[in-house]
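1. Sequence and predicted model, in that order:
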Number of protein chains: 2
Amino acid sequence: MADSTSLQSRAIECRQFDNGLVLLAEPSREVQSAAFTLLTPCGYAVDPADRLGLASLLCDMTFRGAGERDSRALVNDLEILGVERGESVGAAHTGFSGATLAENLHDALAIYADVVRRPQLPQDQLDAAKLVCLQEIRGVEDEPSHKLMEELRRRTYPEPWGRSSHGDEPGVTSATVDDVRTQWSRRFQPRGAILGIAGNVDWDRLVERVESLFANWKTGDASDPTDQPPVATSPHIEFASNQSHIGIAFPTVPYSDPQYLQAWAAVGVLSDGMSSRLFTEVREKRGLCYSVHASLQTQLTRARVLCYAGTTAERAQETLDITFSELVRLGDGIEQGELDRLKARIKSGLIMQQESTSARSGAIARDWYHLHRVRTLDELSAEIDKLTAETINAYLAEHPPQDFTFATLGPQPLRIPTADN
Amino acid sequence: MADSTSLQSRAIECRQFDNGLVLLAEPSREVQSAAFTLLTPCGYAVDPADRLGLASLLCDMTFRGAGERDSRALVNDLEILGVERGESVGAAHTGFSGATLAENLHDALAIYADVVRRPQLPQDQLDAAKLVCLQEIRGVEDEPSHKLMEELRRRTYPEPWGRSSHGDEPGVTSATVDDVRTQWSRRFQPRGAILGIAGNVDWDRLVERVESLFANWKTGDASDPTDQPPVATSPHIEFASNQSHIGIAFPTVPYSDPQYLQAWAAVGVLSDGMSSRLFTEVREKRGLCYSVHASLQTQLTRARVLCYAGTTAERAQETLDITFSELVRLGDGIEQGELDRLKARIKSGLIMQQESTSARSGAIARDWYHLHRVRTLDELSAEIDKLTAETINAYLAEHPPQDFTFATLGPQPLRIPTADN
């Protein structure tokens, strides 16, 4: 049994280079792995309107040869280093992440310096890369829950922040290798780039390494797009199936807001854990659906609570009504007992996160993006300790769930409820 | 940077109680969490033929009150302990797993002793539990890739080993609370039960705790079902969609076989990593599909390689043909370079696994089930070091992929290839 299970005080090291790149690290001697997350300021929000999917296509193309290595050598060398890779295209960033043995981290970073700074973006691989992207777009068509949530995001966010990360078929099909290269040269650049690292690393040697790999990376353009209202669409998508999929969204405060943790905890009471309101009221008591959940999705200056329920067509209206009434009821506040359970789950989750270098490397990079600083885990833990039902209820009284957006997908449209019901 | 990234030598402790329950632990002082996996010998393979889904229904019912606690108190108390729960119903076991702060482990185990030994299985919760199970069955209907792989498993395994873990609608609908209670009293029992624990635990205190909670658990019946040939079905499921889903299976050796690691590594060359054959040939070079993968799924005395590809209807035949030809080509052997990359990925994966108490608790419980002993991570690492292209190719020459089973789902049937093509 542990003598103490409080979080360890791990320092966060930080260095910002002259070109804008921010290097962050949370060194830990207790592990043998090291993980990195490199965010480049090239998200789907900056895809040109007639090239939706360009960020996704560019991300695929970066691995088809970079620096001296062709496509095959690149992938092989990463695998020889034992790198467990992942890439993701978000609204504001393309993220490259990897985890491996700590002793292989420096070599892996050298390869990623090629990937983001010297990709070959070869013309002769463009068609294969496009086909992969098109297949992913079509794959979503076959996953109705995924398709529904894409539609909900499109309806609730201002353009271009609610786009699908995959883009669309016309955008990908019409993209040329010049489009890919132009987007790369404009957006894969150090101003706005963040490299977060967690694991068994020596900070001084890491700074030296990253400096030699990235300090002479040239700054490009990184202007932000202007918000536009979402394109008006009907809330219902017709879909031949016995199942119905229901999405409800409402605005909330983003990560950088001083009240963020209040908003986040309120959503936790709604949907985190088996005693959460949605799970208990919609699934366990009434058996209305096989899946129901809500989560807070934050961007830099805007955020939404996104709620999903999947059910059979005949129970869809009841599921929508009950789910919606739980969202509205949240405005009446939460109870201390609900918060106590949530805090226990969060505390446990922080310990698990501390033990995962991959999770930490991503968390510290995202923290910097939102806050321009990194909260240590014990700092976050202390802030969570300070949450009370009173503070959360004060937040909810001021910001009750409202301004709802709906999306449904299934064999027939549903009656959209209103808060006065 | 780490001085050394070899695996730590962690001892595995083991105690078998007189009633048959096996307790395993991998204590580690480097972490603050502890995780457990409790396997009970109640899988879907022992569902009565007219009650398919009974194991799944029983699993849901165990949390609707146990010991002194009603449904709500049970869930609340687990959450107060910060337990991150998971349950799964497999062919041979229902598994209960959880991870939490090490200091909360003993209290969590006391609750799980109630869940498996003293569930209330209340009549008045049966309808809600059934609805949850029925929703899950219907949810699969809306996920064609999931539906296809269920069909492939049904076609490739002898009955009852290829069943869907969720069962079917008639089985769940007709189940009574007596069915649930009978199955519980017969199958939730210590002979064949395994409790694996990893994390910051003191072995002596743990043994004492588990003994007081489980040593007087009574032994019941745990006979195994008899194998039957699978019910013959057509390989194609008609599905109105622009997408096609393709499944191919072939027999391989189970985990307990001395040649298992050879078979497993061969599948790794086929499908593990971005340089794997399926990923390279089917996705990256030809852009044929958005998803393609193969994995080795092992049961106690039988195992299959299960391969999936999802693509558009117009490219489905080509995808099937190319994927199949890669499976057949595996029989010709692998190259040393492919194995070197695979070994690097595996090594890295073992380090990550070592750093996750949840992963370790599950791995040591499964090891015991298959081997009646537990391989330490450094023992496994040493065995992987010994793999060579020669040993794998000798295995493949003796056991080339053959006796294929196919399943397809999409707008039209495909031409099933043969190895002579």
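-> Perfect, thanks for sending it.

2. Would you agree residue A:322 is in contact with residue A:282?
-> Yes: with contact taken as CB atoms under 8 Å, residue A:322 and residue A:282 are classed as touching, separated by 5.6 Å. The way it works is simple: take the backbone N, C-alpha and C, and place the C-beta from them, glycine included.

3. contacts for the longest helix along chain A?
-> Longest helix in chain A by number of residues (criterion: DSSP state H): helix A:336-354. Under the contact criterion CB atoms under 8 Å, 6 or more residues apart in numbering or on different chains, helix A:336-354 has outside partners A:5, A:7-8, A:10, A:265, A:268-269, A:272-273, A:275, A:277, A:359-360, A:363, A:377, A:380-381, A:384-385, A:387-389, A:392, B:32-33, B:76, B:79-84, B:99-101, B:104, B:358.

4. Where helices are concerned, which of those count?
-> Secondary structure assignment by DSSP H places A:265, A:268-269, A:277, A:359-360, A:363, A:377, A:380-381, A:384-385, A:389, A:392, B:76, B:79-80, B:358 of the contacts of helix A:336-354 in helices.

5. Buried ones only from the residues you listed, please, as a PyMOL command.
-> Entered in PyMOL, the line below selects the buried ones among the ones in helices among the contacts of helix A:336-354, by 16 or more other CB atoms under 10 Å in any protein chain shown:
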select buried, (chain A and resi 265+268+269+277+359+360+363+377+380+381+384+389+392) or (chain B and resi 76+79+80+358)
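
6. buried residues in whichever strand or helix holds residue A:87?
-> Using DSSP states H and E, residue A:87 sits within strand A:84-89. Neighbour counts using 16+ other CB under 10 Å place A:84-85, A:87-89 of strand A:84-89 among the buried residues.

7. Next: stretch A:387-407.
-> Neighbour-count burial for stretch A:387-407, counted by 16+ other CB under 10 Å, picks out A:387, A:389, A:392-393, A:395-396, A:399-401, A:404-407.

8. okay, these in a markdown table with pLDDT and distance to residue A:18 next?
-> Formatted as a markdown table, the buried residues of stretch A:387-407 follow (pLDDT from 0 to 100; distance: CB to CB, whole Å):
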| residue | pLDDT | distance to residue A:18 |
| --- | --- | --- |
| A:387 | 96 | 40 |
| A:389 | 97 | 47 |
| A:392 | 97 | 43 |
| A:393 | 98 | 47 |
| A:395 | 97 | 40 |
| A:396 | 98 | 45 |
| A:399 | 96 | 40 |
| A:400 | 97 | 46 |
| A:401 | 97 | 45 |
| A:404 | 97 | 46 |
| A:405 | 96 | 43 |
| A:406 | 97 | 48 |
| A:407 | 97 | 46 |
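
9. just checking, which of these belong to strands?
-> Among those, the members falling in strands are A:405-407 (criterion: DSSP state E).

10. Out of these, which comes closest to chain B?
-> Distance to chain B across these (CB to the nearest CB) is lowest for residue A:407, with 16.0 Å.

11. pLDDT at residue A:264, what is it?
-> Looking at residue A:264, its pLDDT is 95.

12. my read: it touches residue A:296, true?
-> Yes: between residue A:264 and residue A:296 a contact is recorded at 5.4 Å, counting by CB under 8 Å.

13. Now the common contact residues for these two.
-> Between them, residue A:264 and residue A:296 share no contacting residue under CB under 8 Å, 6+ apart.

14. before we move on, which element is residue A:262 in?
-> Here residue A:262, judged by DSSP H and E, is contained in helix A:260-271.

15. if we can go back for a sec, output the buried residues of stretch A:387-407 in JSON lines; the columns should cover distance to chain B.
-> JSON lines is the format used below for the buried residues of stretch A:387-407 (distance: CB to the nearest CB, whole Å):
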{"residue": "A:387", "distance to chain B": "15"}
{"residue": "A:389", "distance to chain B": "16"}
{"residue": "A:392", "distance to chain B": "17"}
{"residue": "A:393", "distance to chain B": "20"}
{"residue": "A:395", "distance to chain B": "22"}
{"residue": "A:396", "distance to chain B": "21"}
{"residue": "A:399", "distance to chain B": "25"}
{"residue": "A:400", "distance to chain B": "25"}
{"residue": "A:401", "distance to chain B": "23"}
{"residue": "A:404", "distance to chain B": "24"}
{"residue": "A:405", "distance to chain B": "23"}
{"residue": "A:406", "distance to chain B": "19"}
{"residue": "A:407", "distance to chain B": "16"}
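
16. ok, so of the residues you listed, who is nearest residue B:368?
-> Looking at the buried residues of stretch A:387-407 and their distance to residue B:368, the nearest is residue A:387, at 41.8 Å (CB to CB).

17. For residue A:334, give its distance to residue B:352.
-> Distance, residue A:334 to residue B:352, using CB to CB, to the nearest Å: 37 Å.

18. Which elements pack onto the strand or helix carrying residue A:323?
-> For residue A:323, the host element (DSSP H and E) is helix A:316-330. Using 3 or more CB pairs under 8 Å, 6 or more residues apart in numbering or on different chains; DSSP states H and E as the contact test, the elements touching helix A:316-330 are strand A:243-252, helix A:260-271, helix A:277-278, strand A:291-298, strand A:303-312, strand A:405-410.

19. How about the residues of the stretch 151-300 of chain A by chain B?
-> Within the stretch 151-300 of chain A, the positions adjacent to chain B are A:200-202, A:205, A:240-243, A:245, A:273-275, A:280, A:283-291 by CB under 8 Å from any CB of the partner chain.

20. residues touching the residue lying closest to residue A:211 once chain neighbours are set aside, list them.
-> Excluding the flanking residues, the one nearest residue A:211 by CB to CB, 6 or more residues apart in numbering or on different chains is residue A:17, at 6.9 Å. Each residue near residue A:17 by CB under 8 Å, 6+ apart is listed here: A:23, A:190, A:210-211, A:214-215.

21. Per-residue pLDDT of residue A:17, please?
-> 96.

22. what are the phi and psi angles of it?
-> Phi and psi for residue A:17, reported as degrees, to the nearest 10, are phi -80, psi 160.

23. Am I right that residue A:19 sits in a helix?
-> No: per DSSP: H, G, I helix; E, B strand; the rest coil, residue A:19 lies outside any helix segment and is coil.

24. Is it correct that it is in contact with residue A:192?
-> No: if you go by CB under 8 Å, residue A:19 and residue A:192 don't touch, sitting 10.6 Å apart.

25. More neighbours: those two, which one.
-> Taking neighbours as other CB atoms under 10 Å in any protein chain shown, residue A:19 and residue A:192 compare with residue A:192 leading, 20 against 15.

26. hey, where'd the strands end up in the stretch 101-250 of chain A?
-> Secondary structure of the stretch 101-250 of chain A by DSSP state E, counting those that start in this stretch: the strands cover A:194-199, A:236-238, A:243-252.

27. what pairs with the longest one, and is each one parallel or antiparallel?
-> What it means is strand A:243-252. Looking at strand A:243-252 with DSSP bridges, its partner strands are strand A:303-312 (antiparallel), strand A:405-410 (antiparallel).
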